[in-house]
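1. What follows is a predicted protein model with its sequence.
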Amino acid sequence: TCELRRIDALNQKDNRVLLSRMVPRIFRSYFIGIFLNLKGGFMNLSEFIDYTNLAKVATAEDIMRLCEEAKKYHFPCVCVSPYYVKAASEYLKDSTTEVCTVIGFPNGYSTKEVKQYEAIDAISNGAKEIDMVININALKNKDYDYVKEEIELVRDSLAGKVLKVIIETCLLSDDEIIKM
């Protein structure tokens, strides 16, 4: 399977690519864990994980169970397919757990306009975070302007919601990974 390397989309203030919230969460959890262990306490790792079910055969029952477990174990976010965003959002409306979904998933083939529509639709259905797979074909063709425009177009349509960008590192050369 591919290793997913998630990065935030371009920062709205200065157009720099930032590491995903997940990276600071992991480092923060590591350092908090060291601190708490020195003090004799313990750490709840679930607070740093997006609880996910993107199975092609996931049922509504599976997604409701995911949401229930996310609430029970204090996961900050559940990530579900776009089809289940509305149901998960309704189920989690009185909890602190938010809903995330994927667009352009799993291969990133969609055009930037289609991804923009998917993102707007997901937000209107209750998603608070979007995980977008970049267009690997554009990157392989060194069409970096297209990839940048794609990220910016989706980011600008999210009304301030979180956008994370997924790059499939197993499909990229070292130079392409560095370029991203």
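-> Structure's in. What do you need?
2. how deep is the residue nearest to Y73 when sequence neighbours are not counted tucked in, by neighbour count?
-> Setting aside the residues directly before and after it, Y73 is nearest to S46 in space (C-beta to C-beta, 6 or more residues apart in numbering), at 4.5 Å. (C-beta placed from N, C-alpha, C; glycine too.) Taking other C-beta atoms under 10 Å as the criterion, the count of residues near S46 is 14.
3. In contact with S46, which residues?
-> Counting by C-beta atoms under 8 Å, 6 or more residues apart in numbering, S46 touches 73-75.
4. That one falls within a strand, correct?
-> No: S46: not assigned to a strand; according to DSSP: H, G, I helix; E, B strand; the rest coil it is helix.
5. quick one: it from F75, how far?
-> 5 Å (C-beta to C-beta, to the nearest Å).
6. Next: K140.
-> 35 Å.
7. These two: which is more packed in?
-> F75 (24 against 12).
8. Hmm, V78 and A58 touching each other?
-> No: the pair A58 / V78 is not scored as a contact, 11.5 Å apart, by C-beta atoms under 8 Å.
9. Look at these two and report which has more neighbours.
-> V78 (28 against 16).
10. List the beta-bridge partners for Y51.
-> Beta-bridge partners for Y51, by DSSP bridges, are V78.
11. Show the contacting residues for it.
-> Contacts of Y51 by C-beta under 8 Å, 6+ apart are 66, 69-70, 73, 75, 77-79, 97.
12. So K148 versus C67, what's the distance?
-> Counting by C-beta to C-beta, the separation of K148 from C67 is 35 Å.
13. and these two? which has more neighbours close in?
-> Between K148 and C67, counted using other C-beta under 10 Å, the more crowded position is C67 (25 against 16).
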